[in-house]
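K.L.:
When you get a sec, could you give me coordinates for this:
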Amino acid sequence: MNHGHELPSTSHSVHDGSLLTLENGGPEESNHPPGTVNLVSKIQAGQDGRLTLIPQPSGDPNDPLGWPLWRKICNFTLLACMTMSIFSGLAIQHLFWSKMKKDLNVDYTELTRVKATQLAAEALACIAFIPFAKKYGRRPVYIVSTLSFTAATWWSAYTRTLTELFVIDIIKGFAGAVNETAVQMSIRDMFFVNQRGTANGVYLVALTMGTSLSPLAAGSQAKAFGWRSSFKTLAAIMTAITALFCFCFEETKFVPPARDSSHEKHERDEDLSSPSSSSSSSSSSSSSSNDIERHIDKFKQGEKTTTTTTIKETKGRRRSRYPHNMRLQLVTPTNESLLRTLVEPVQACRMPHVIVTGLLFGLGLAYVVILSSTKAIIFPEAPYNFDPRQLGLLQLGPLVGSMIAGLYGGWLSDKAIVWFAERNGGVFEPEMRLYLLPFPAVVMSAGIAMFGITAGLGMHWILPCVGSAMTSFAFSSTADLVLTVIIDAYPDIISQSFVVIAFFRNAIGMVGVLSLAPWRESMGTVHMFITIAVLSLVVNSFALPLVIWGKRLRARTAARYYKMAARSD
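P.N.:
Presented below is the predicted three-dimensional model:
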């Protein structure tokens with residue numbers, strides 16, 4: 001491979017719209033499977049390499065990839081705040097089970113069924129929400145979901161019956177499901193390959209702060225003023241976040257303006273004067289299927305050709321000053337078929353990377369949910385006799401573990417892939433992130449076993465707290481690594497892939513919650529968690545085939561991937 005110059009990414013278009021974005025490209029790279037890119041190019045032999053921006057921004061000021069870093073941070077901070085608030089609402093109810101049991105005249109079995117219903121709603125909502133996020137943009141989906149979750153949180157503060165609890169948690173499940181997929185779509189929209197691990201790390205830290213940090217405050221407030229006051233406080237915060245989303249969060253879905261009308265297309269054709277640019281820019285959406293077929297044929301034949309397209313700014317288009325150029329339109333429609341987008345995830349089930357990620361992420365989060373539910377059952381009883389404030393303090397361990405995981409699975413992962421790519425001739429493979437997986441896999445099994453054994457035997461509370469911290473670190477690290485692998489490997493079918501992953505995550509979590517009570521009664525707490533620890537180690541080993549044969553599997557599914565990406569545009 002020639003490293004004499006920086007290789008641009010092969011790009012038939014950018015993000016969403018009528019044409020397909022292909023992240024792997026550059027000279028002699030059209031025979032690479034999807035996800036394989038030239039990340040580090042050498043200027044001269046023996047000199048340090050420099051990073052290639054993958055995917056390349058279009059040059060349009062509205063392209064989120066080209067936004068300055070501070071603008072990306074502002075928008076992503078809003079996403080992180082939304083994530084933290086939503087997962088706070090999903091998590092704090094555990095703290096109040098002992099109090100709600102008395103106030104609402106329910107038992108733990110009924111409360112676990114409420115939690116399982118919420119997870120089922122999340123699984124179904126991912127299928128329903130994401131076609132709209134892809135066709136009409138991320139912004140309207142975020143706004144509707146935060147509005148719905150805010151309303152449900154206000155209702156939680158005034159609930160009086162078990163039926164209301166079921167309805168409230170169904171609404172929360174539907175509204176919270178946007179975190180399962182749409183945030184990953186925005187990460188793909190805004191960040192380059194060598195930044196996505198860090199972005200996912202921040203997202204997962206926000207998730208864990210919602211499930212770990214918020215209970216600290218909620219538990220203390222519940223002890224002083226009652227559990228309903230905690231829901232009122234969260235509802236007020238959610239109301240403020242919803243207002244911020246309406247007026248400050250920008251749309252991250254990007255449709256190149258050159259496609260908006262034939263007049264703009266004509267201007268672009270005149271503006272791009274080089275032969276290669278002219279031939280590329282004159283193609284329209286009606287010929288995109290031929291482009292895809294040619295790319296598939298070239299890939300299968302190993303043909304070494306260059307298919308680089310750049311989209312330049314249209315003549316006369318002036319870069320408006322921020323904030324006047326804020327992308328605050330309510331919808332950003334494109335011509336995808338909603339029905340087709342709804343059924344496309346079925347095809348994503350045939351991608352080995354998607355299935356393995358769904359299993360690892362789904363089971364990992366199921367372990368965390370089981371730990372949280374077990375805390376809510378064991379620690380209010382003897383020998384611990386914890387009140388809601390003390391239950392909240394137990395979440396300090398998972399919070400610390402998650403913060404460390406944000407560095408390991410995020411920042412360190414992004415640094416590591418550059419190092420691995422440099423030693424692979426500058427070529428990056430998505431599976432390189434999985435080289436960091438063995439350590440958290442072992443830590444997860446050890447943490448689960450430590451929590452179950454020490455809590456089951458009634459040992460000092462600090463020991464199960466350390467075990468839950470280890471589990472939280474391992475889950476967040478694993479999730480960061482495997483989710484980013486999917487974004488890197490199949491960047492143009494993010495929505496389809498993450499609908500499958502989210503369905504796995506919530507379906508497995510629902511089964512875990514429903515089976516908790518009978519499983520614990522039949523095996524006991526200690527033996528149940530030892531079994532889970534062994535299961536965790538076995539399931540995490542499923543990533544090993546991806547490390548060894550991942551590139552071959554991507555090559556075998558390349559034609560299916562390109563066709564799915566073309567059909568979804």
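K.L.:
Where does pLDDT dip in this structure?
P.N.:
Where the chain drops to pLDDT under 70, the residues are 1-30, 41-51, 179-180, 258-326, 568-569.
K.L.:
Which residue ranges of the stretch 151-300 of the chain form helices?
P.N.:
162-176, 178-190, 196-208, 214-225, 227-248, 262-271, 275-281, 288-301 (DSSP state H, counting those that start in this stretch).
K.L.:
Next: the stretch 451-569 of the chain.
P.N.:
For the stretch 451-569 of the chain, the helices defined by DSSP H, counting those that start in this stretch cover 462-489, 494-523, 525-540, 543-556, 558-568.
K.L.:
Just say which of the ones you listed is most tucked in.
P.N.:
Of all the helices of the stretch 451-569 of the chain, helix 462-489 carries the top mean neighbour count, a mean of 26, counting by mean count of other CB atoms under 10 Å. C-betas here are computed from N, CA, C, even on glycine.
K.L.:
got the angle between that helix and helix 558-568?
P.N.:
Following axes from the mean of the first three to the mean of the last three CA atoms, to 10 degrees, one obtains 80 degrees for the angle between helix 462-489 and helix 558-568.
K.L.:
residues contacting Y203?
P.N.:
By CB atoms under 8 Å, 6 or more residues apart in numbering, the contact set of Y203 is 79-80, 83, 183, 187.
K.L.:
Can you verify my assumption that M185 contacts I494?
P.N.:
Yes: here M185 reaches I494: they are 5.2 Å apart, a contact under CB atoms under 8 Å.
K.L.:
list residues touching both of these two?
P.N.:
Common neighbours of M185 and I494 (criterion: CB under 8 Å, 6+ apart): none identified.
K.L.:
from memory N200 sits against I187, does it?
P.N.:
Yes: in this structure N200 lies within contact range of I187 using CB under 8 Å: 6.3 Å.
K.L.:
So for those two, which residue has more residues nearby?
P.N.:
N200 (27 against 24; other CB atoms under 10 Å).
K.L.:
Quick check: A125 touching A182?
P.N.:
No: applying CB under 8 Å, one finds A125 not in contact with A182, separated by 11.0 Å.
K.L.:
who's more crowded, those two?
P.N.:
Between A125 and A182, counting by other CB under 10 Å, A182 is the more crowded of the two (27 against 24).
K.L.:
hmm, back to that, what's the overlap in contacts for N200 and I187?
P.N.:
I487.
K.L.:
how far away is the most centrally placed residue in the chain from S522?
P.N.:
Nearest to the mean C-alpha position of the chain, by CA atoms, centre = their mean, lies Q184 at 3.9 Å. According to CB to CB, to the nearest Å, Q184 and S522 sit 37 Å apart.
K.L.:
what does N62 give?
P.N.:
N62 is 58 Å from S522, by CB to CB.
K.L.:
picking up where we left off before, show me the contacts for the residue nearest to the centre of the chain.
P.N.:
When contacts are counted by CB under 8 Å, 6+ apart, Q184 is found next to 200, 483, 487, 494, 498.
K.L.:
rerun at 6 Å
P.N.:
494, 498 (CB atoms under 6 Å, 6 or more residues apart in numbering).
K.L.:
what's the answer for I378, then?
P.N.:
By CB under 6 Å, 6+ apart, I378 lies in contact with A455.
K.L.:
okay, now the closest residue to Y158 other than its chain neighbours: neighbour count?
P.N.:
Nearest in space to Y158, with sequence neighbours left out and distances taken as CB to CB, 6 or more residues apart in numbering, is R228 at 7.3 Å. Using other CB under 10 Å as the criterion, R228 is surrounded by 17 other residues.
K.L.:
can you count the residues close to the closest residue to F498 other than its chain neighbours?
P.N.:
Leaving aside its sequence neighbours, F498 sits nearest to T181 (CB to CB, 6+ apart; 3.9 Å). Look at T181: counted by other CB under 10 Å, it has 29 neighbours.
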